[in-house]
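Student: this one's structure only:
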Ligand code: ATP
Ligand code: MG
């Protein structure tokens, strides 16, 4: 074949025109401003939101603000050797962390690096820090109870597996204790627990680990902690890291429980980062996307459909209020995202009613569908009796002489309130709760001194723990108190009572 040189020339020229040579190196940038865990970077043209950046000194950062002329990044370490002009490299990877069984019983930071001094953790599984929540098709309605072991909660504010139940209250009202008791109660329930500590004192976390160890509950628990002295970046990502760990087990078909202690501190960390990144402040100086911060986290809790293995992630987020103000910005946001709230009151706590749950304004929007039927049938009466008692109590303060009926009702209410008091780290099984509540509402405590109620309760529990478990499980299958159950319960109660007297 013979080509004319002109023609070949034209073809080559045409090809050259099409070819664009890009001489820029896109994945390197230069720091133009640095301080307060924030870096402004020039020249990183190809970077994703949430991508990991690597600085000259090995420090890692996360790209968060993608502006026209620069990229705003948050730094993971609080100590770094970065200055103006330092080189930054984008890694092309979103933040991901190692997960797996080997993390059970360990304490790690939000990047999965152990902080308990027990050596390295080996795992071949890696998951993205931020993932999409399961879709509606992939979910199932709440159908199994998650027993907290706290009588006031299991009876009147029941929680189901896959539910998100907020624990809200002022500082030092027993929020962490309720969450911790729930973890302790999962020992016999085969639920994997994840505790996320955000902005807590290292000593508080150490105490929690000690309690878990003492009660032999550490081997099914993972502790993720970004303490008050860690960088705000770690505090901001800690809950997502916790959700990632729980998700791993949920997609393996396991039931999981995750505690976020607490989301107020995460919101504050995020506010700090956002203000330093010069994002416009909104209400209470929080940035515009603060709702999304918590909604995308809590949406990851789910009860998965049977096709996906039927695993679940139950979330207990904690929010700290100031002077019981639930109408502040963050509390209202999280109340609206969750499926109910357990409200802890300072006044109740100080008057010795512990756990200090304000039953009147605490709700569980979905859990009653999953509550153990026998407990459900008994607690509906408990709720009613207590509501009447609270009303009567506030009325009776103003009148001096009360009729006999009212006095009787007051005495019963006081005993019920005494019954619901529970010391910390001592969860009760559903059967124990059922029989205790039965004794209370059927008036079996009325002839016991108010001060003696706790002692009776203790003795009853000790006796119940000596009974045959298989018989108890059979009783739990009933939906209401039948004549047989009634006789059985009353025999036990009378036996314990006479033994005491
Ligand atoms: P913070 O705001 O500091 O996080 P918190 O609301 O998480 O506090 P906790 O740390 O759980 O509260 O409890 C505060 C104190 O009350 C602790 O000393 C704890 O031992 C005590 N406490 C909590 N619940 C009970 C209980 N049911 N019985 C007796 N003491 C309790
Ligand atoms: Mg606490």
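Tutor: Yep, that arrived. Here the structure is a predicted model, which is why all the values come from computation and not from measurement. Ligands and ions are numbered 1, 2, ... in the order given.

Student: sec struct for residue 167, please.
Tutor: The local conformation at residue 167, judged by DSSP: H, G, I helix; E, B strand; the rest coil, is strand.

Student: what pairs with it across the strands?
Tutor: Beta-bridge pairing of residue 167 under DSSP bridges involves residue 318, residue 342.

Student: next secondary structure element downstream of the helix or strand bottoming out on mean pLDDT in the chain?
Tutor: Confidence across the helices and strands of the chain bottoms out at helix 469-476, with a mean of 80, counting by mean pLDDT, DSSP states H and E. Using DSSP states H and E, the next helix or strand after helix 469-476 towards the C-terminus is helix 483-500.

Student: thinking residue 143 is in contact with residue 367, fair?
Tutor: No - counting by Cβ atoms under 8 Å, residue 143 stays clear of residue 367, with 10.7 Å between them. (Glycine included, C-beta is placed from N, CA and C.)

Student: so what does the least confident helix or strand of the chain touch, helix or strand wise?
Tutor: helix 430-441 (3 or more Cβ pairs under 8 Å, 6 or more residues apart in numbering; DSSP states H and E).

Student: so what secondary structure elements neighbour the helix it packs on?
Tutor: helix 151-156, helix 373-396, helix 404-420, helix 453-464, helix 469-476, helix 483-500.

Student: which of those helices is buried the deepest?
Tutor: Highest mean neighbour count of the helices and strands packed on helix 430-441: helix 151-156, a mean of 26 (counted as mean count of other Cβ atoms under 10 Å).

Student: does any part of that one sit near ligand 1?
Tutor: No - judged by Cβ under 6 Å from any ligand atom, helix 151-156 stays clear of ligand 1, getting no closer than 10.1 Å.

Student: who touches that helix?
Tutor: The contact list for helix 151-156 (Cβ atoms under 8 Å, 6 or more residues apart in numbering) reads 145, 147-148, 159, 178, 342, 355, 357, 359, 362, 371, 375, 378-379, 382-383, 386, 419-420, 422, 428, 430, 433, 436-437.

Student: near ligand 1, from those residues?
Tutor: The residues of the contacts of helix 151-156 that also fall near ligand 1, by Cβ under 6 Å from any ligand atom, are 355, 422.

Student: comparing residue 143 and residue 367, which shows the higher neighbour count?
Tutor: With neighbours defined as other Cβ atoms under 10 Å, residue 143 and residue 367 compare such that residue 367 has more, 24 against 14.

Student: ok, the more buried one to ligand 1 distance?
Tutor: 21 Å (Cβ to the nearest ligand atom, to the nearest Å).

Student: for residue 173, same thing?
Tutor: Per Cβ to the nearest ligand atom, residue 173 is found 5 Å from ligand 1.

Student: residues of the stretch 351-500 of the chain that sit close to ligand 1?
Tutor: Contact residues, the stretch 351-500 of the chain versus ligand 1 (Cβ under 6 Å from any ligand atom): 354-355, 422-424.

Student: residue ranges with poor pLDDT in the stretch 1-150 of the chain?
Tutor: 1-3, 21-26 (pLDDT under 70).

Student: nearest to ligand 1: which residue in it?
Tutor: Proximity of the stretch 1-150 of the chain to ligand 1 (Cβ to the nearest ligand atom) peaks at residue 150, 8.4 Å away.

Student: for that residue, what are its contacts?
Tutor: Counted by Cβ under 8 Å, 6+ apart, residue 150 has contacts 178, 181-182, 355, 357, 422, 427-428.

Student: same check, this time on residue 431
Tutor: When contacts are counted by Cβ under 8 Å, 6+ apart, residue 431 touches 464, 472, 475-476.

Student: over to residue 370?
Tutor: 142-146, 158, 160-161.

Student: would you check that residue 235 makes contact with residue 229?
Tutor: No - applying Cβ under 8 Å, one finds residue 235 not in contact with residue 229, separated by 10.2 Å.

Student: so which of the two has more stuff around it?
Tutor: residue 235 (25 against 9).

Student: surely that one is within a strand?
Tutor: No - looking at residue 235 with three-state DSSP, it is helix, so not inside a strand.

Student: what's the local residue count around residue 360?
Tutor: Neighbouring residues of residue 360 were enumerated by other Cβ under 10 Å; the total is 13.

Student: which ones are touching it?
Tutor: 387, 390.

Student: hmm, 10 Å instead?
Tutor: By Cβ atoms under 10 Å, 6 or more residues apart in numbering, the contact set of residue 360 is 343, 345, 383, 386-387, 390-391.

Student: relative to ligand 1, how far out is it?
Tutor: From residue 360 to ligand 1 the distance is 19 Å (Cβ to the nearest ligand atom).

Student: can you give the contact residues for stretch 389-397?
Tutor: Stretch 389-397 is contacted by residues 358-360, 402, 406-407, 409-417 when judged by Cβ under 10 Å, 6+ apart.

Student: swap in stretch 441-452?
Tutor: 378-382, 384-386, 408, 411-412, 414-419, 436, 438-440, 453, 455-457, 481, 486, 489-490, 493-494, 496-497, 500-501.

Student: pull out the buried positions in that stretch.
Tutor: Using 16 or more other Cβ atoms under 10 Å as the test for burial, stretch 441-452 gives 441-442, 444-445, 448.

Student: check stretch 119-135 too.
Tutor: Neighbour-count burial for stretch 119-135 flags 121, 127, 129-130, 133-134 (criterion: 16+ other Cβ under 10 Å).

Student: quick one on the thing from earlier: shared neighbours, residue 143 and residue 367?
Tutor: Each of 160-162 lies in contact with both residue 143 and residue 367 under the rule Cβ under 10 Å, 6+ apart.

Student: by neighbours, which of those residues wins?
Tutor: Using other Cβ under 10 Å as the neighbour test, the shared contacts of residue 143 and residue 367 are led by residue 162, with 30 neighbours.

Student: so that one touches residue 142, yeah?
Tutor: Yes - if you go by Cβ atoms under 10 Å, residue 162 and residue 142 touch, sitting 5.3 Å apart.

Student: can you list contacts of the host helix or strand of residue 127?
Tutor: Following DSSP H and E, one finds residue 127 within strand 125-128. Taking Cβ under 10 Å, 6+ apart as the criterion, the residues outside strand 125-128 that touch it are 50, 93-103, 112, 240-241, 243-245, 247-248, 251.

Student: just the buried ones out of those, please.
Tutor: Neighbour-count burial (16+ other Cβ under 10 Å) applied to the contacts of strand 125-128 gives 94-100, 103, 112, 240-241, 243-245, 247-248.
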